[in-house]
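Trainee: predicted model and sequence follow; I will ask about them next.
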Amino acid sequence: MFEPVAVAECRSYLPKVCAPALRGVIEAIDGLDFVKPGMKIGIKVNLIAALKPERAATTHFELVCALCDLIREKGATPIVGDSPGGAFSSPALKIVYRATGMTEAERHGALLNSNFSQKEARFEEAKEAKTFAYTAWLDDVDAIINFAKLKTHGMMGMTAAVKNLFGTVPGSIKPEYHFRFPGEERFASMLIDLNEYFKPQLNLIDAVIGMEGNGPTAGTPRAIGALIASRSPYCADLLAAKLIGISDLEAPTVRVMKARGLCPQSVEGLEIRGDYAPFVIEDYGLIANRRSLEVLNNPKTAFGRVLTKSLRSVLAPKPVVLKESCVRCGKCAEVCPAGAVAVGEKPAKIDRSKCIRCFCCQEFCPKGAIEVHRPAIARIASRF
Ligand code: SF4
Ligand code: SF4
């Protein structure tokens, strides 16, 4: 038996609109029943970078403020936190809190996390991540609420509740994890282990305005108009995937959570409280170039299998630098775990022989100058 999922309409971040919508979607699953007076409740938001709320890269602060009000009503204290890429430190997070508007949450009784220490976890039941580093503030709280943003993602196709828990790993360590858990299947399994370890009591997805295109930081805001809530991050993500029309082959976390039996095989198997049909977007701008993964994973003929095996490296999506947009800031070289990027007098250049296709460069380029491209030959091969 899987956890129910609630979906509710929310077309604006104005408090008079989003606060009642959030209350409604949470109440539909009795989502805050676990909150008792005196508890400390950690709200793990998505604060991927110091980007303004209108960029639709981060969990919107007005929703977080509304959630803080609900937690305070129950006599508990909300603590808001995340570890974006880069240093997990007070100066770095202060910039992020300010830019994203998250400082507003303090006016709603929240504490912004100020514990920047790290710990090591052992998790014997994990499929992949039997040991991992995590941000110790999560030990300071009695329960965790996972408040994600619905966006496209270069490596994972989609980021929502499951991927959001990668922010429990200190930002400076994240690049290593692409080597420890290489390939999208193992990486997705590691993300699911994090969810199993931290077991958020409630998972919320801000799909009021999502991000389409070159996500998770440089895409385009796209109105979806929905809030999603579930005790299960997997059931929440299954519905989120349906809203933006992303297939299992394009979304490794969805594929792996189904394979691990953590959610139904399709949305039809979910118990959904509310009507999701008005929020399904047929032409959501996915990272379409990831569709070459379909031919890599599921060739239809023997010839296709031979072709895809021999051309795997040619067919796979690649990060491509848009030279005219590159300002040579060096951020891509700084975050690349493989040392595959060189930046100097000329725009960034990627050494294909070193690139492990983690798409960290695409994620962190402040100018959106790196895109995920699908080679033309992949489109031809997909016909076989
Ligand atoms: S991060 Fe983007 S803008 Fe900066 S050097 Fe790399 S490609 Fe150019
Ligand atoms: S070049 Fe980009 S995609 Fe390739 S390994 Fe470096 S950060 Fe990852």
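Mentor: Arrived safely. Residues are numbered from 1 along each chain as shown. Ligands and ions are numbered 1, 2, ... in the order given.
Trainee: excluding chain neighbours, what is closest to the residue of the stretch 51-200 of the chain found nearest ligand 2?
Mentor: Ranking the residues of the stretch 51-200 of the chain by distance to ligand 2 (Cβ to the nearest ligand atom) places H178 first, at 6.8 Å. Quick note: C-beta positions are derived from backbone N, CA and C, even for glycine. Ranked by Cβ to Cβ, 6 or more residues apart in numbering and with sequence neighbours excluded, the top spatial neighbour of H178 is C358, at 3.9 Å.
Trainee: ok, back up a step: I'd assumed F359 was in contact with the residue of the stretch 51-200 of the chain closest to ligand 2.
Mentor: No - taking Cβ atoms under 8 Å as the definition, H178 is not a contact partner of F359, at 9.2 Å.
Trainee: who's more crowded, those two?
Mentor: When H178 and F359 are compared for neighbours, F359 comes out ahead with 23 against 20, by other Cβ atoms under 10 Å.
Trainee: wait, does the strand or helix carrying E334 make contact with ligand 1?
Mentor: Following DSSP states H and E, one finds E334 within helix 331-335. Yes - Helix 331-335 is in contact with ligand 1 by Cβ under 6 Å from any ligand atom, via K331, C332.
Trainee: point out where the stretch 251-384 of the chain drops to low pLDDT.
Mentor: For the stretch 251-384 of the chain, the stretches with pLDDT under 70 are 288-315, 375-384.
Trainee: please point out which parts of the one helix or strand H178 maps to sit buried.
Mentor: Per DSSP H and E: H178 is located in helix 174-180. Residues of helix 174-180 classed as buried under the neighbour-count rule (16 or more other Cβ atoms under 10 Å) are K174, P175, Y177, H178.
Trainee: over to stretch 1-19?
Mentor: When neighbours are counted by 16+ other Cβ under 10 Å, the buried residues of stretch 1-19 are found to be 2-10, 13, 17-19.
Trainee: for those residues, which one is nearest ligand 1?
Mentor: Minimum distance to ligand 1 across those is 28.7 Å, recorded for Y13 (Cβ to the nearest ligand atom).
Trainee: which positions in this protein make contact with ligand 1?
Mentor: Proximity of the chain to ligand 1 is assessed by Cβ under 6 Å from any ligand atom, with 321, 326-332, 343, 347-348, 365, 367, 369-370 identified as the residues in range.
Trainee: outline the domain layout of the protein.
Mentor: 5-279, 288-381 (automatic domain parsing).
Trainee: so how far is the first residue of the longest one from its last?
Mentor: Which is domain 5-279. End-to-end distance for domain 5-279, by Cα to Cα, to the nearest Å: 14 Å.
Trainee: off-centre distance for that domain?
Mentor: The gap between where domain 5-279 is centred and where its chain is centred comes out at 7 Å by Cα atoms, centre = their mean, to the nearest Å.
Trainee: which of the buried residues of stretch 1-19 fall within strands?
Mentor: Counting by DSSP state E, those place V5, A6, V7, A8, E9 in strands.
Trainee: good, we can wrap up now.
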